[in-house]
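S.K.: quick one, what's the 3D model for this:
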Amino acid sequence: MGTTLNDTPSANRVHIAFFGKMNSGKSSLINALAGQEISIVSDIGGTTTDPVKKPMEIHGIGPCVLVDTAGFDDNGTLGESRVELAKRAAAQADLAVVVCTDDDLAEEKRWADYLASRDTPVIFVMNKSDALADAQQLAALIKAELGKEPLAVSAKTGSGVETLKQELIKNAPGREAERFITGDLLDEEDLVLLVMPQDIQAPKGRLILPQVQTLRELLDKKCLVMSVTTDKLPQALSVLAKPPKLIITDSQAYKTVYEKKPEESRLTSFSTLFAAYKGDIGYYVESAKVIDALTPQDKVLIAECCTHAPLAEDIGREKLPRLLRKKAGEALTVDIVSGTDFPKDLSPYRLVIQCGACMFNRKYVMARVDQAKAQQTPMTNYGVAIAHINGILDQVEIANL
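M.R.: The predicted structure follows:
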């Protein structure tokens, strides 16, 4: 069976988020762009609660996700929570559409300024233009206060929808898929050995996402690839005519693989590759040094992207905390968050350790990195942290992207 459009991981899609007041027509606009009913359309304010995401493809952009958010003027019982979710969607947005419908533009400007601070391209849309009493006057006001000419669109009649689509194409950033997970580490016909322990964290019959994405990239690069579990590493090396140029392992097997690998074979991990692919590898490496200075009185935050039910020997919830406590003392406090849950205040933490972030786009991961830097909180990731704890970080290959 061929690969379908929805098989492209959300993290590798361009995220296009729509923001505006309640009943500004965001949901109708998304439905018009997608050509199908994605979001519920209603005259009742606050119909859109949690962000609604629709994977699709726009010719000229490629795989993307349209994100419908709650109105930023939602003052209902759950309004504050809904607006907070919209803010998280803003942090993930590669491209934003701000929908304007009246002459009170204070909130539109506040959100547009935040998006601009994240270097997120913003398109202003004057929706329901067919029903506005004085569309030209509102357009002039939007340009004066927000600094950009709005697009006149009517989701109801379809007027301007194609123009909006072309504007999205023009403003879309380069897709993350154009970055290489393995960077400049490999060339065509290089021999690569993947060491992939298949424990209970990997569902039977499937590989975890970083392994799948890396393997696909290696095949696209025309590399020669062999895959083994950790216990079969010696046998794999013995049947190869020459040592692999690069060995990529799961971070939890770093030490074992390092001790058994041929001297001429370079070593990295899936998580370390994703540290450079998704985040700020330089900051991660520098921050990892904090591990040596941790004390039992310190607090460490481990941030998982997945919201999976933790199983025995989970790397983030059990193995990594155990390694940290072995180094710093059993009284070390380790807090764990998952998904998009991430504290606004990082000051209680001596160190933040992020997972490989295969489920998030780079825009969102960098929002976390920027937050950590702004609050002067060191931040690293699983692969970098584990390599540092094992004393081999200086021997690990880091991709230049």
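
S.K.: just the buried residues of stretch 118-133, please?
M.R.: 118, 120-129, 132 (16 or more other CB atoms under 10 Å). The C-beta positions use only the backbone N, C-alpha and C, and glycine is treated the same way.

S.K.: pLDDT and distance to Val225 for the residues you listed - can I get that in a markdown table?
M.R.: Conversion of these to a markdown table gives the following (pLDDT from 0 to 100; distance: CB to CB, whole Å):
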| residue | pLDDT | distance to Val225 |
| --- | --- | --- |
| Arg118 | 86 | 37 |
| Thr120 | 92 | 36 |
| Pro121 | 93 | 37 |
| Val122 | 94 | 42 |
| Ile123 | 95 | 41 |
| Phe124 | 95 | 47 |
| Val125 | 93 | 46 |
| Met126 | 89 | 52 |
| Asn127 | 83 | 49 |
| Lys128 | 72 | 53 |
| Ser129 | 72 | 53 |
| Leu132 | 70 | 58 |
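
S.K.: of those, which is the nearest to Ala293?
M.R.: Arg118 (31.7 Å; CB to CB).

S.K.: look up phi and psi at the closest one.
M.R.: phi -90, psi 10 (degrees, to the nearest 10).

S.K.: isn't it up against Arg368?
M.R.: No. Counting by CB atoms under 8 Å, Arg118 sits too far from Arg368 to count as a contact (11.9 Å).

S.K.: how far away from the center of its chain is the helix or strand harbouring Phe18?
M.R.: In the assignment (DSSP states H and E), Phe18 maps to strand 14-20. With CA atoms, centre = their mean, to the nearest Å as the basis, strand 14-20 stands 15 Å off its chain's centre.

S.K.: hmm, who's touching it?
M.R.: 26, 29-30, 51, 61-69, 71-72, 86, 89-90, 92-101, 108, 111, 127, 168, 172-173, 175-176, 361, 363 (CB atoms under 8 Å, 6 or more residues apart in numbering).

S.K.: out of these, which are buried?
M.R.: Of the contacts of strand 14-20, these count as buried by 16+ other CB under 10 Å: 26, 29-30, 51, 61, 63-69, 71-72, 86, 89-90, 92-101, 108, 111, 127, 168, 172, 175-176, 361, 363.

S.K.: in strands, which of those residues fall?
M.R.: 63-68, 95-100 (DSSP state E).

S.K.: from those, which two are the most distant?
M.R.: Taking CB to CB as the measure, those reach their widest spread between Pro63 and Cys100, a distance of 28.2 Å.

S.K.: show me where this protein has strands.
M.R.: Going by DSSP E, the chain shows strands at 14-20, 52-58, 62-68, 95-100, 122-126, 151-152, 191-195, 224-228, 246-249, 266-269, 299-303, 333-337, 351-354, 379-381.

S.K.: let me have those strands in JSON lines, extended by distance to Ala387.
M.R.: As requested, these are exported to JSON lines (distance: least, CB to CB, whole Å):
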{"stretch": "strand 14-20", "distance to Ala387": "30"}
{"stretch": "strand 52-58", "distance to Ala387": "34"}
{"stretch": "strand 62-68", "distance to Ala387": "32"}
{"stretch": "strand 95-100", "distance to Ala387": "35"}
{"stretch": "strand 122-126", "distance to Ala387": "39"}
{"stretch": "strand 151-152", "distance to Ala387": "49"}
{"stretch": "strand 191-195", "distance to Ala387": "14"}
{"stretch": "strand 224-228", "distance to Ala387": "20"}
{"stretch": "strand 246-249", "distance to Ala387": "10"}
{"stretch": "strand 266-269", "distance to Ala387": "7"}
{"stretch": "strand 299-303", "distance to Ala387": "16"}
{"stretch": "strand 333-337", "distance to Ala387": "19"}
{"stretch": "strand 351-354", "distance to Ala387": "12"}
{"stretch": "strand 379-381", "distance to Ala387": "10"}
